[in-house]
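Asker: Any chance you can model this:
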Amino acid sequence: MMNAERPLTNRQTLRLLLRVFGYLRTLKGAVAAKAVFAFLSHLPVLLVVWPVKVLADQVIQGISLADSPTRYPFFFEPIIAAVQDEGPMTVAMAMLGFTMVTLLIFGAWSSVGRDMAIERLSQGNDAATRTEYQANYAYSYCGGILGWLEFRLTLRLSQAFNHLFRSHLFERLRRLPMTTLDNQRIGDAIYRVMYDTPMISEVVYQGVLVPLVAPLEIAMILWVLSLSYGHFPVILYVVLAWVPLAFLVTLPLAGRIRRQAEAARETGALTTTTMEEASTNLLAVQSLGAQGLERDRFDKDSWSSFGEYLNWRLLSILVNTISWSGGIGLGLFVYFELTDLVFLGELTVGDIGAISALYITALFASARLGRMWIELQTNVAGLKRVFAIIDMPGDHQPDEPRHIETIERGFVFEDVSFRYPDGTEALSNVNLSAERGQMIALVGPAGAGKTTLAYMLPRFVLPSGGRILLDGEDLMSIDLDDLRDNVSFVFQEPVLIDDTIAGNIRMAKPDATEDEMREAARKGGALEFIDRNPLGFDAPLGRNGARLSLGQKQRLSITRALVRNSPVLVLDEPTAALDPQTEFELAQTVQELSKDRLVLVIAHRLSTIRHADQIVFIDDGRVREQGTHAELMAIDGGAYRRFVELQAGEAA
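Answerer: Below you'll find the predicted structure:
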């Protein structure tokens, strides 16, 4: 969609993260609850290591609780005091009971790992499917009752964040100017809505919860270690040393990870676009025998997507290897130091287990903290693509819009010009009056600027020069929603959704009754084929109205515009796909409608335009002639007269 996007810098990355944090205000209560749960889920290690030490020292080795060379932390001493005079079996049962309680609340835990509540959708080996699941991603770092509660909260939080972000992006897409949308690739837009937006929840978890919870967890472990093993400061020094090292060993690769993640998403979006274009134009592909060409194009894009993802994955493996190598190295150093102390009688085997469990937990916390910036790079790559759309200028809406109920008189064009962003001139110095109660026909060769002029009425496009007045007020000052509520448009290419006939008609008027739909269908020439269908207005149409002919699609589009009953009706080539009888009936309807509204018709057929109150002949973006059919035909050598004579000659 935006092929010229440049890789992010570190400063731009920080700005994007700060923008994401702005979304926290909506769900700040749930985020705070998640932070509390995340903190509580890391408490088990502070509790379960001590029953294991008791079992290893007192029950298995027979060391008296009173003779332990190291003291237990104060919060565990009441339990020690209660069982220190009991026999090994009683002590073992007491420790088992304590462990069962913690198991019920927190789930199982060992030096190897812990119970986790986690759920995610199936995923493949590309950026899209490996990130879409995050919209429904839920986890807890513990099991038991606490893990179940945190899991449910996280699932709701992930879905809420993604719905909020996805809806915001969709609304921005809906508000983009038509000139912007014309230059966009639909597949790329779909990729951004579906696969880039889920990054927001991961950014919240990585960018908010990790820097809050991980330091607290490390601080708690250091505190507990100092209570029982403070006289062996090497243990504390190693834990403290690994916190900054976890950052330093991975920081140099952050920029490379970010750029590779961006490349993986760009190629993934290109694959989605290729698939969307091939599916949309399937009939043309088959008719041209281009199936092989399209297959090769898709194969190339798809393998490119997998390749870029593989490169990103290899970088991630490298980061993991570097990160854990340092931690494991420091851990081995601590282990050998501690075993010497065991031989000297200053520590027990149970102490080795307790210290190892606490160190491994601190190692994981430090790794999460150190990898936070790296993990954010992957997520920011998706957020960049989302905010690129959000930051696009939307349809013009004045700061203090003037609200209108209806259009009383009409439009006046004063020296109106229009240029496309690439500099192509579509209209030049157009002066035109279009009043309610008139039927105005815009006539001229293809590419003359007729549709561009019509698009200016509902502000689909804005003048590059001159101005348009609506009931004497500058059109740019009118509230956009009010303006478009008063203008109904029938586009040259029928646009239908995969719904029933009634569902398509009610897009224009959600509360339309069946009687209103039938009357609009009668005027639009659609009632005949609707009544022939056994399901009537409840008949499904398929994708883009696939079950209708082109003429039926056009008549249904006209019906949809008529049911709205707005004061301005714009018909862009409404009879191009109609049979002569339906065309004649529609022309009669248009004349009838123009008695109390403004009807603007873009057409080439003489039968549609000859009875217009005003015919405007446009060529090369300029109004060459305007008047009634009789007035323009009276101009010897006139452009409109040549147009009619050429059409008559072709008919002959």
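Asker: List the residue ranges of the stretch 201-350 of the chain that fall below the pLDDT cut-off.
Answerer: 275-290 (pLDDT under 70).
Asker: Which residue ranges of it form helices?
Answerer: For the stretch 201-350 of the chain, the helices defined by DSSP state H, counting those that start in this stretch occupy 210-229, 233-248, 254-280, 282-287, 291-343, 349-390.
Asker: Output these as JSON lines; include the columns distance to residue 589 and mean neighbour count.
Answerer: Just so you know, the C-beta spots here come from the backbone N, C-alpha and C atoms, and that holds for glycine as well. What follows is the helices of the stretch 201-350 of the chain, written out as JSON lines (distance: least, CB to CB, whole Å; neighbours: other CB atoms under 10 Å):
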{"stretch": "helix 210-229", "distance to residue 589": "65", "mean neighbour count": "19"}
{"stretch": "helix 233-248", "distance to residue 589": "72", "mean neighbour count": "17"}
{"stretch": "helix 254-280", "distance to residue 589": "32", "mean neighbour count": "21"}
{"stretch": "helix 282-287", "distance to residue 589": "32", "mean neighbour count": "11"}
{"stretch": "helix 291-343", "distance to residue 589": "42", "mean neighbour count": "15"}
{"stretch": "helix 349-390", "distance to residue 589": "40", "mean neighbour count": "22"}
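Asker: Quick one: closest of these to residue 561.
Answerer: Closest to residue 561 of these, according to CB to CB: helix 254-280, at 24.1 Å.
Asker: Now name the helix or strand holding residue 586.
Answerer: helix 580-593 (DSSP states H and E).
Asker: can you check residue 434 too?
Answerer: Assigned by DSSP H and E, residue 434 falls within strand 425-435.
Asker: Now do the next helix or strand after that strand: distance to the chain's middle.
Answerer: Tracing the chain C-terminally past strand 425-435 and defining elements by DSSP H and E, one meets strand 439-443 next. With CA atoms, centre = their mean, to the nearest Å as the basis, strand 439-443 stands 41 Å off its chain's centre.
Asker: circling back: determine the set of other helices and strands touching the helix holding residue 586.
Answerer: helix 514-524, helix 550-564, strand 598-602, helix 606-609 (3 or more CB pairs under 8 Å, 6 or more residues apart in numbering; DSSP states H and E).
Asker: Which positions in it come out as buried?
Answerer: Residues of helix 580-593 classed as buried by neighbour count (16 or more other CB atoms under 10 Å): 582, 583, 585, 586, 587, 589, 590, 593.
Asker: In TSV, list the helices and strands packed on helix 580-593 along with mean pLDDT and distance to residue 311.
Answerer: Formatted as TSV, the helices and strands packed on helix 580-593 follow (pLDDT from 0 to 100; distance: least, CB to CB, whole Å):
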stretch	mean pLDDT	distance to residue 311
helix 514-524	90	55
helix 550-564	87	46
strand 598-602	91	51
helix 606-609	78	58
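Asker: Kindly reformat those as JSON lines containing mean neighbour count and distance to residue 505.
Answerer: Output for the helices and strands packed on helix 580-593, formatted as JSON lines (neighbours: other CB atoms under 10 Å; distance: least, CB to CB, whole Å):
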{"stretch": "helix 514-524", "mean neighbour count": "19", "distance to residue 505": "5"}
{"stretch": "helix 550-564", "mean neighbour count": "24", "distance to residue 505": "5"}
{"stretch": "strand 598-602", "mean neighbour count": "26", "distance to residue 505": "19"}
{"stretch": "helix 606-609", "mean neighbour count": "19", "distance to residue 505": "23"}
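Asker: Take those and write them to TSV, including distance to residue 82.
Answerer: Listed next are the helices and strands packed on helix 580-593 as TSV, based on distance: least, CB to CB, whole Å:
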stretch	distance to residue 82
helix 514-524	79
helix 550-564	79
strand 598-602	90
helix 606-609	97
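Asker: which one of the ones you listed lies closest to residue 426?
Answerer: With distances scored as CB to CB, the stretch of the helices and strands packed on helix 580-593 nearest to residue 426 is strand 598-602 (13.9 Å).
Asker: Tell me the strands beside the closest one, with direction?
Answerer: strand 439-443 (parallel), strand 568-572 (parallel) (DSSP bridges).
Asker: Nearest to residue 18, out of those?
Answerer: Closest to residue 18 of the strands paired with strand 598-602 is strand 568-572 (CB to CB; 43.7 Å).
Asker: what mean pLDDT would you report for the closest one?
Answerer: Averaging pLDDT along strand 568-572 gives 90.
Asker: The closest residue to residue 454 other than its chain neighbours - how many residues pack around it?
Answerer: Of all residues not flanking residue 454 in the chain, residue 570 sits nearest, at 5.1 Å (CB to CB, 6 or more residues apart in numbering). By other CB atoms under 10 Å, 24 other residues sit near residue 570.
Asker: now swap in residue 401 and tell me
Answerer: Neighbours around residue 401, by other CB under 10 Å: 16.
Asker: cool, the one 10 residues further on as well?
Answerer: Counted by other CB under 10 Å, the residues lying close to residue 411 total 22.
Asker: so it is in which element?
Answerer: Using DSSP H and E, residue 411 falls in strand 410-419.
Asker: per-residue confidence averaged over the strand holding residue 434?
Answerer: Averaging pLDDT along strand 425-435 yields 92.
Asker: Go ahead and produce CSV holding the CA coordinates of that strand.
Answerer: Provided in CSV are the C-alpha atoms of strand 425-435 (Å, rounded to 0.1, in the frame of the first residue of the first chain):
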residue,chain,number,x,y,z
GLU,A,425,-5.7,17.9,-14.7
ALA,A,426,-9.3,16.5,-14.6
LEU,A,427,-11.3,19.7,-14.5
SER,A,428,-10.5,23.3,-15.4
ASN,A,429,-12.6,26.5,-14.6
VAL,A,430,-16.0,24.8,-14.4
ASN,A,431,-18.9,27.1,-13.9
LEU,A,432,-22.3,25.4,-13.4
SER,A,433,-25.5,25.8,-11.5
ALA,A,434,-27.4,22.6,-10.5
GLU,A,435,-30.7,23.3,-8.6
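Asker: who touches residue 482 in this structure?
Answerer: 401, 403, 404, 405 (CB atoms under 8 Å, 6 or more residues apart in numbering).
Asker: where's it relative to residue 75, distance?
Answerer: According to CB to CB, to the nearest Å, residue 482 stands 66 Å off from residue 75.
Asker: Out of the helices of the stretch 201-350 of the chain, which is closest to residue 191?
Answerer: Among the helices of the stretch 201-350 of the chain, helix 254-280 comes nearest to residue 191, with 4.0 Å by CB to CB.
Asker: got the angle for that closest one vs helix 291-343?
Answerer: Orientation check (axes from the mean of the first three to the mean of the last three CA atoms, to 10 degrees): helix 254-280 against helix 291-343 gives 150 degrees.
Asker: can you list the helices of the stretch 201-350 of the chain in a markdown table and add distance to residue 9?
Answerer: Below are these laid out as a markdown table (distance: least, CB to CB, whole Å):
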| stretch | distance to residue 9 |
| --- | --- |
| helix 210-229 | 21 |
| helix 233-248 | 19 |
| helix 254-280 | 8 |
| helix 282-287 | 41 |
| helix 291-343 | 19 |
| helix 349-390 | 11 |
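Asker: Ok, which of those helices comes nearest residue 65?
Answerer: Using CB to CB, the helices of the stretch 201-350 of the chain put helix 349-390 closest to residue 65, at 11.0 Å.
Asker: I'd like the distance from that closest one to the chain centre, please.
Answerer: The answer for helix 349-390 is 25 Å, by CA atoms, centre = their mean.
Asker: for it, packing partners?
Answerer: Secondary-structure packing of helix 349-390 (3+ CB pairs under 8 Å, 6+ apart): helix 10-21, helix 44-54, helix 144-174, helix 199-204, helix 210-229, helix 233-248, helix 254-280, helix 291-343.
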